[in-house]
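Student: Structure for this input, please:
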Amino acid sequence: MEKGRIDKQFEFLLEADKEKFIQRKTLKSDGETFENDAEHGMAYGDYVPFAGGICK
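Tutor: Residues are numbered from 1 along each chain as shown. A predicted model of the protein is given here:
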């Protein structure tokens, strides 16, 4: 049986959730703790609405 759209979406979200456990060597702005891969990706995602208006 073929996976439905919702099954594929949940599969993607579960895979993306694993990024929380990948530790990076980038210090956060507090200068004491390191960001994880999910936080790093979210930072770039925050810029997309702004870049969309500039890059046309």
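Student: just checking, next helix/strand downstream of the helix or strand that contains residue 17?
Tutor: In this assignment (DSSP states H and E), residue 17 forms part of helix 5-17. Counting by DSSP H and E, the next helix or strand C-terminal to helix 5-17 is strand 23-27.
Student: helices or strands up against that next one?
Tutor: Contact analysis of strand 23-27 by 3 or more CB pairs under 8 Å, 6 or more residues apart in numbering; DSSP states H and E lists strand 34-36, helix 37-54 as its packing neighbours. The C-beta positions use only the backbone N, C-alpha and C, and glycine is treated the same way.
Student: Would you single out the least confident of those?
Tutor: Here the lowest mean pLDDT among these goes to helix 37-54, at a mean of 66.
Student: thinking again about what came up before, quick one: average confidence on the helix holding residue 17?
Tutor: 86.
Student: List the buried residues of it.
Tutor: Of all the residues in helix 5-17, not one is buried under the rule 16 or more other CB atoms under 10 Å.
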